[in-house]
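In: Sequence first, predicted model second:
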Number of protein chains: 2
Amino acid sequence: MSQVAVAASLLRSRALDVVLKDTMKTIHALKMGFALVLAFLLVLVHASYAQLGSHAVWAIMTVIVVFEYTIGATLSKGLNRGVGTLLAGLLAIVASELAEKSGSGVGHPILVGFIVFTIGGVVTFAKLWPSLKSYEFGFRSFLLTFSLIMVAEYREGDPLGTAINRFWVILLGAFIGVSVNVFVLPCWAGNELHHSLVTNFFSVADSLEVCVNEYLQGSVLERFPSKVFMEKIVEDPFYKRYRPTLMSASKEESLAGFASWEPPHGRFKVVKYPWHLYVKVGAVLRHCTYSVVALHGCLQSGIQAPLKVRKLFHEEIRAVGVECACLLRELGKQIEDMQKGNPATLLKGVEHAIERLQESLYYCSYLLVRDEEGCLEDAKGNVAVSVIPEVTMLRNVHSMGSQLRSIDNLELSCGHEKCSNDWEESQCLKRTYTWPLRPRDQLDYAREPLLGQRVRIVKSASALSVGTFATLLMEVALRLDYVAEAVQELGECAGFTDFKKDVSDS
Amino acid sequence: MSQVAVAASLLRSRALDVVLKDTMKTIHALKMGFALVLAFLLVLVHASYAQLGSHAVWAIMTVIVVFEYTIGATLSKGLNRGVGTLLAGLLAIVASELAEKSGSGVGHPILVGFIVFTIGGVVTFAKLWPSLKSYEFGFRSFLLTFSLIMVAEYREGDPLGTAINRFWVILLGAFIGVSVNVFVLPCWAGNELHHSLVTNFFSVADSLEVCVNEYLQGSVLERFPSKVFMEKIVEDPFYKRYRPTLMSASKEESLAGFASWEPPHGRFKVVKYPWHLYVKVGAVLRHCTYSVVALHGCLQSGIQAPLKVRKLFHEEIRAVGVECACLLRELGKQIEDMQKGNPATLLKGVEHAIERLQESLYYCSYLLVRDEEGCLEDAKGNVAVSVIPEVTMLRNVHSMGSQLRSIDNLELSCGHEKCSNDWEESQCLKRTYTWPLRPRDQLDYAREPLLGQRVRIVKSASALSVGTFATLLMEVALRLDYVAEAVQELGECAGFTDFKKDVSDS
């Protein structure tokens, strides 16, 4: 009994939490109550009930069915219901006239049954037609009204009266629902879409930056055991950040569909505001996010570059990450403030950072593949021979402080750590190279000279993995170009400020 | 006029096409017509109408509202409607007793209004509660019934009669809808989920294989101009293949939700069949697909490895691709046939292929970063010096025919192509390196000695990009391990055949 009490108090405190935090939902619930009371007035007030009679119930039902969270959804449902009812009424009157012609014999019910079967089948089929999917509710309303009027025709003999009455009462109900929704603390689907897109920009920028920072700190994210994979991945702080962007496709599409039903409002004053471009920007951003997912995958990968190799490109990788995140935030802010910016200027920084990373990869790639003992032992001299001409050339031709610094560092660290870190590295390898089917203990063959070869092989792949991270990061940057262009297109069509006026009304 | 005729005939032929091809939809439409006629019999047949009166309309409305494409959806809607109606009836009777107590003065309508407001608000709030989302329809039915009974109480004074009548008639309607759906050519949500998951396995396997093959053929996929990006990407044959898997999250979840309402049927005979594990397998497969998306990104990347570098790892990359695709198809087939397999045996081949690719990367990584003129000119001798010890060692320690062959080939091809292909390569570079903001003509500086440096830098990144492709491919393979384990778990819980019997009924 006390358990129930605890659960109840827990639920109460959680419900109170939601009420306080999620104000929009609470407001929506209150609005629904208000609309319902308004519709009930038709029944409660004597004068209106005398007029409408039991048909008043239809107004209440319409309010309940039509009232949705956003204005766009309510309008679309209301219009669908209205148009569906109107068309169904017209068709039902024709059909009942036809059925009546068959006389009062056994032919009449059979004809009614046949008509109902045909109309039911055709409407249901149309409802499943892909391009008519957004009118699903209209088809349902059509079928409801059609059936009701056919029943009225058959049993009460007044299809026209029923049709007209039902239509007006439903219109009244839809009017009540829509009015309350629009005029009492409105919640626009367009607003929701706008904010969700802006949020996605910022969260992708965050996850990109965090990914890059973690990588440069040498983090190796835990690869979840597959038994708890599903539970863990949902809680994963990285995944949490970009998950909404990955999953937002259908949400964005439905919000844009609802928003297109909404009249110009608030900051969205352009007639025929290009909501479909929000879906496009969202899709292009998602395309870019897939590359961020791949970056995140690098952090969890079974094959990892050691920290000292990551440090080689520390500045360049960080620069690309920072520039990309900046660009994403800038684009997000442009949409948020509805202001136009110049994508060329914005992309310049990213482009420059990519070039530096490429140069750095070029000059350091030799060191990358040499970063293992086998090479240092077998061809100690060659390293110096082949690196130094490059370095000298570099010094003469360019002035690339950072590259030189990192090359020198590597030379030092290679020489210094080669012996002492031998054991540590093979330990570290155990941790990072966890192809799950192989028991970890087997990796002890690292001590044996012949099988030590395999460890070196894995380590070589490890060093190359820094190239993978860099290439994927560049891919993110390249895809940002699409995002920037899509945002620019949106800005032009939606009449963002700081732009020639004549385009804003196209 | 003739245009309309043409359009009409076009529509007719398309509709006929859909009718013939999409048999399930046609069947569904016919079933709906049939169920509707059955419900109409309540009105058309004199005896039943005498019993039910105008309440019979509720049965028809319930059929229309409850009848859904899959059995699970119909059952869930039917049960939601039934339970919602029942609870609403009970509550409404209590509420109307309360309201009646207030007498027939002005207090009565005010009390009714207050009750309606409170219940409407609370139910709407509950409807928006995330964990109660799947009962949305139940809440709506609750509100409908509650309102109707309150109206009946206020105006007709017989809430109990209305509640009981409405409940039975709605139950009858739900029974008709569910029976027709279950007993006439049933369409189970579980079946749909099963097939969609299996299809996803095969299509991911296909896209992986096609990606690998295209890469090895040296394809550089067109990077769509951002203006037509959205239109093109939807038509992209690669994207088309894996898109359903990427987008199937919400579909799988809702199908699993519906399937869990369905009784054991067809091949899914286990009580409490683990449909939620289908969602898990789908999510893990999607996790793996993100890596395939990254592979696809490599094909479109601005920085591309030349064909001869790709050829270096031709056999090994192809082997990993083939093994992974095989494993995916095998897992898909296991689910399709509902048979258990041994994941360890299945993963062996993939593991072996990964090892070979790693070894190959190790032995050839030197050649990878040297594959450009700067190096060949500056340190011609060193290549031989540093490669040959490795080769000799290789010959003595292992017998790796393919690696040796490819190293020899590269030496040949490097020497042979170095001069003649110089111009061709810079042309090729133009084609592949298309950072969009830079006019292509600018790349003509490749001829100038100082700026030629930049071209080499890009080319060095190009060569490294083969490492990226290989690493990503290995990542796909590593993630397959999760997929295999999830499928195994599904097999155990769902009682796939070829497994100890005592587990099959857990």
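Out: It's in. Numbering: from 1, shown residues only, chains lettered A, B, ... in the order given.
In: element containing the closest residue to A:Glu253 other than its chain neighbours?
Out: Among residues not flanking A:Glu253 along the chain, A:Val279 sits closest, at 5.7 Å (C-beta to C-beta, 6 or more residues apart in numbering or on different chains). For glycine as for every other residue, the C-beta is placed from the backbone atoms N, C-alpha and C. A:Val279 belongs to helix A:275-300 when assigned by DSSP states H and E.
In: quick check, the helix or strand that that helix is followed by touching chain B?
Out: For helix A:275-300, the following helix or strand on the C-terminal side (DSSP H and E) is helix A:307-312. No - contact of helix A:307-312 with chain B (C-beta under 8 Å from any C-beta of the partner chain) is absent, the minimum separation being 12.8 Å.
In: Next, the buried residues of helix A:307-312.
Out: Judged by neighbour count (16 or more other C-beta atoms under 10 Å in any protein chain shown), helix A:307-312 contains these buried residues: A:307-312.
In: quick one: furthest residue from the center of chain A?
Out: In chain A, counting by C-alpha atoms, centre = their mean, A:Gly105 sits farthest out from the average C-alpha position, at 60.3 Å.
In: I'd like the average pLDDT over whichever strand or helix holds A:Ala486.
Out: A:Ala486 belongs to helix A:449-493 when elements are defined using DSSP H and E. The average pLDDT within helix A:449-493 is 77.
In: Poorly predicted segments of the stretch 301-450 of chain A, please.
Out: A:302-303, A:365-450 (pLDDT under 70).
In: whoops, I mixed them up, the stretch 1-150 of chain A
Out: A:1-8, A:10-21.
In: Going by residue numbers, what spans are helices in it?
Out: A:2-21, A:23-44, A:46-52, A:56-66, A:71-101, A:107-128, A:136-151 (DSSP state H, counting those that start in this stretch).
In: now the stretch 151-300 of chain A
Out: Using DSSP H, counting those that start in this stretch, helices in the stretch 151-300 of chain A cover A:159-183, A:189-216, A:229-235, A:237-247, A:249-259, A:275-300.
In: Not counting residues beside it along the chain, what's closest to A:Leu171?
Out: Using C-beta to C-beta, 6+ apart, the closest residue to A:Leu171 is A:Gly82 (6.2 Å).
In: One more: A:Val184?
Out: Using C-beta to C-beta, 6+ apart, the closest residue to A:Val184 is A:Lys31 (5.4 Å).
In: what's near enough to touch that neighbour?
Out: By C-beta atoms under 8 Å, 6 or more residues apart in numbering or on different chains, the residues touching A:Lys31 are A:67, A:180-181, A:184-185.
In: Recalculate using a threshold of 7 Å.
Out: By C-beta atoms under 7 Å, 6 or more residues apart in numbering or on different chains, the residues touching A:Lys31 are A:180-181, A:184-185.
In: burial of A:Val116, as a residue count?
Out: 25 (other C-beta atoms under 10 Å in any protein chain shown).
In: now do A:Thr23
Out: Using other C-beta under 10 Å, A:Thr23 has 11 neighbouring residues.
In: and what of A:Ser54?
Out: 14.
In: circling back to that earlier point, need the contact list for the residue farthest from the centre of chain A.
Out: Applying C-beta under 7 Å, 6+ apart, no residues qualify as near A:Gly105.
In: And it, how close does it get to B:Gly53?
Out: Remark: distance between A:Gly105 and B:Gly53 (C-beta to C-beta, to the nearest Å) = 24 Å.
In: ok, A:Glu68 to A:His195 distance?
Out: Distance from A:Glu68 to A:His195, by C-beta to C-beta: 18 Å.
In: Could you check which of the two has the larger neighbour count?
Out: A:Glu68 (20 against 12).
In: Just to check, that one is in contact with A:Thr74?
Out: Yes - under the criterion of C-beta atoms under 7 Å, A:Glu68 makes contact with A:Thr74 at 4.6 Å.
In: rewinding a little: top of the contacts of A:Lys31 by number of neighbours, please.
Out: Busiest of the contacts of A:Lys31 [other C-beta under 10 Å] is A:Asn181, holding 26 neighbours.
In: mind checking pLDDT for it?
Out: 90.
In: Pretty sure it sits against A:Thr70.
Out: No - using C-beta under 7 Å, A:Asn181 makes no contact with A:Thr70, being 8.4 Å away.
In: what separates A:His211 from A:Leu328, distance-wise?
Out: Wrong residue type there; residue A:211 is Cys, not His. Distance from A:Cys211 to A:Leu328, by C-beta to C-beta: 13 Å.
In: Next up, the contacts around A:Val43.
Out: Neighbours of A:Val43 in contact, by C-beta under 7 Å, 6+ apart: A:49, A:56, B:151, B:154-155.
In: Would you mind checking those residues for buried ones?
Out: So, of the contacts of A:Val43, A:49, A:56, B:151, B:154 end up buried under the neighbour-count rule (16+ other C-beta under 10 Å).
In: And the residues you listed, which is closest to B:Ser250?
Out: Proximity of the buried ones among the contacts of A:Val43 to B:Ser250 (C-beta to C-beta) peaks at B:Val151, which lies at 37.2 Å.
In: was I right about that closest one contacting A:Val57?
Out: Yes - between B:Val151 and A:Val57 there is a contact at 5.6 Å, judged by C-beta under 7 Å.
In: what about A:Pro109, neighbour count?
Out: For A:Pro109, using other C-beta under 10 Å, the count is 19.
In: sorry, back to before: the helices of the stretch 151-300 of chain A: lowest mean pLDDT?
Out: helix A:229-235 (a mean of 70).
In: ok, A:Phe40 to chain B distance?
Out: The gap separating A:Phe40 from chain B is 5 Å, by C-beta to the nearest C-beta, to the nearest Å.
In: now A:Arg241
Out: Applying C-beta to the nearest C-beta to A:Arg241 and chain B gives a distance of 15 Å.
In: same deal with A:Leu185?
Out: A:Leu185 is 14 Å from chain B, by C-beta to the nearest C-beta.
In: ok now do that residue, which residues does it touch?
Out: So A:Leu185 contacts A:27, A:31 (C-beta under 7 Å, 6+ apart).
In: how does it look with 10 Å?
Out: For A:Leu185, the contact set (C-beta atoms under 10 Å, 6 or more residues apart in numbering or on different chains) comprises A:23-24, A:27-28, A:30-31.
In: Also A:Val279?
Out: Per C-beta under 10 Å, 6+ apart, neighbours of A:Val279: A:193, A:197, A:248-249, A:252-257, A:259, B:230.
In: Let me know the closest of those residues to B:Lys127.
Out: So of the contacts of A:Val279, ranked by how close each gets to B:Lys127 (C-beta to C-beta), first place is A:Ser254, at 17.1 Å.
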